[in-house]
Every structure is written in C-alpha cells, then in structure tokens.
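> 3D, please:
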Amino acid sequence: LAGLRGAAAEQRALPFRMIKSSADLDREVAAAAAAGRPLMFDFYADWCVACKEMEKYTFPEPAVHDALADFVLLKADVTANDAVDQALMKRLGIIGPPATLYYVDGVERRELRLYGFERPEPFAARAARASAGIGP
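Numbers count the residues shown, from 1 in each chain. Now for the predicted structure:
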C-alpha cells in the first residue's frame, strides 16, 4: 500500500518547470505571454518549513490544480543560496522563500504576491484572480 500512496502523491504534484536564473525567468515569462498563458513562479528551499507546508497541504489539492490548470508553473529552488539564486531574489525583491509571484501578459501582478504559507482555498482564489485579471 505504501507504493500506492506514493503513486497517488506523485499524481497530485503540480508540473513545475525548474528554473535557476533571471535569464531563465525572462525566457519563460516571454514564452508564456506569447502563448497567452498566465504564469505562476514559486520560490522554494529545502530548509524552508512554510515551503514544505505548501507542498504538503496546498499544492496537492484539486481546487489548486483546477485554478492553475492554464498556468505555466515555474519553481526556483534557492536551497543553495548561491550567487545566481541571490541575484534572482535581489532582482525581484525577494528576501527568501516561500514566495509566489504571478505574471499575466508578461507583467507581474505584484498586488497578488504571496509570502509564506497559504491554505488551498485562498490560494486557489488568488490564482483565479490572477488569471482573470482581478486585483487582490
């Protein structure tokens, strides 16, 4: 049964594309804008307790999957906190993870930025506002 639980958890995982640098972000934001898709960008680190909570309690929920169905999903793992990680966070004004950013038509919806943990229902509502072009 443990194997089945592991398989079920994998099915609930969101299909994030991992990126590392500002150049990666610029490329992905431009591609999402060209495709007419909103983009969600998540900052994560192995040592971040709230990041682990998001992965365990928020991201697997069906309502969150539904709200993010049309999004390009990006994740930056800043566990190493190396020069590239620091440059990306500095550029975006991120002190540390977790942080979730939303882009529509190639522009960040800064008013929808999320720092820290958020339960599935308000997270799904935030994503829906981003894709609909509605503010906080």
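> is it true that residue 126 touches residue 113?
No - the pair residue 126 and residue 113 fails to qualify as a contact (C-beta atoms under 8 Å) at a distance of 9.5 Å. Just so you know, the C-beta spots here come from the backbone N, C-alpha and C atoms, and that holds for glycine as well.
> Find the residues that touch each one of the two.
Common contacts of residue 126 and residue 113 (C-beta atoms under 8 Å, 6 or more residues apart in numbering): residue 102.
> okay, those two: which has more neighbours?
residue 126 (20 against 16; other C-beta atoms under 10 Å).
> if I've got this straight, the more buried one is in a helix?
Yes - assessed with DSSP: H, G, I helix; E, B strand; the rest coil, residue 126 lies in a helix.
> Adjust the sequence numbering to begin at 47 for everything that follows.
Understood, numbering begins at 47; the last thing we discussed is residue 172.
> That one: what's it in contact with?
148, 158, 160, 164, 182.
> So which residues of the protein form helices?
Taking DSSP state H, the helices of the chain run over residues 48-58, 68-81, 95-99, 108-113, 129-138, 166-178.
> what's stretch 79-87 in contact with?
Against stretch 79-87 from outside (C-beta under 8 Å, 6+ apart): 71, 74-75, 78, 114, 116-122, 146-152, 173, 176-177.
> circling back to that earlier point, could you flag which of the contacts of residue 172 are buried?
Taking 16 or more other C-beta atoms under 10 Å as the criterion, what is buried in those is 148, 158, 160, 164.
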